[in-house]
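> got a predicted model here, sequence first, then my questions.
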Amino acid sequence: MRFVVGAFGLVFVSVLATGAQGQDPFMQVCMQTTPQKMCECIAAKLPADKRQAAIEGLRKSNAAMAPGGNLLDPSNLSQEQMQGLDAVVIAQANCT
């Protein structure tokens, strides 16, 4: 009985410890450059069909803004990534 309870406790602690790692991928990439509250608002207003493209576009945008990064060249983005970034901008405008 103790082993079962002990094993459950270890699993519970592991889940708590990895909770931050299991964070929404959009929130992870958004919060690299934007406050959490704004990212939460954007995420709530971002169309589901644009979410993955937004994540990919934001990753490229964040890399461009990092020290030593090169300016973001729209020709390096797919049409879907551009639409994803557009959706983020539109959602952000509705969050201010």
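Yes, it's here.
> so where is this protein shaky, pLDDT-wise?
1-22 (pLDDT under 70).
> tell me the centre residue of it?
residue 26 (1.9 Å; CA atoms, centre = their mean).
> name the helices or strands packed onto whichever strand or helix holds that one?
Per DSSP states H and E, residue 26 falls inside helix 25-30. Where contact means 3 or more CB pairs under 8 Å, 6 or more residues apart in numbering; DSSP states H and E, helix 25-30 is packed against helix 36-45, helix 51-65. All C-beta atoms are positioned from the backbone trio N, CA, C, and that covers glycine.
> ok, 10 Å please
helix 36-45, helix 51-65, helix 79-93 (3 or more CB pairs under 10 Å, 6 or more residues apart in numbering; DSSP states H and E).
> thinking again about what came up before, how far away is the residue nearest to the centre of the chain from residue 79?
Counting by CB to CB, to the nearest Å, the gap from residue 26 to residue 79 is 19 Å.
> kindly report the same for residue 68.
From residue 68 to residue 79 the distance is 28 Å (CB to CB).
> tell me which of the two has more neighbours.
residue 79 (8 against 5; other CB atoms under 10 Å).
> alright, that wraps it up for me.
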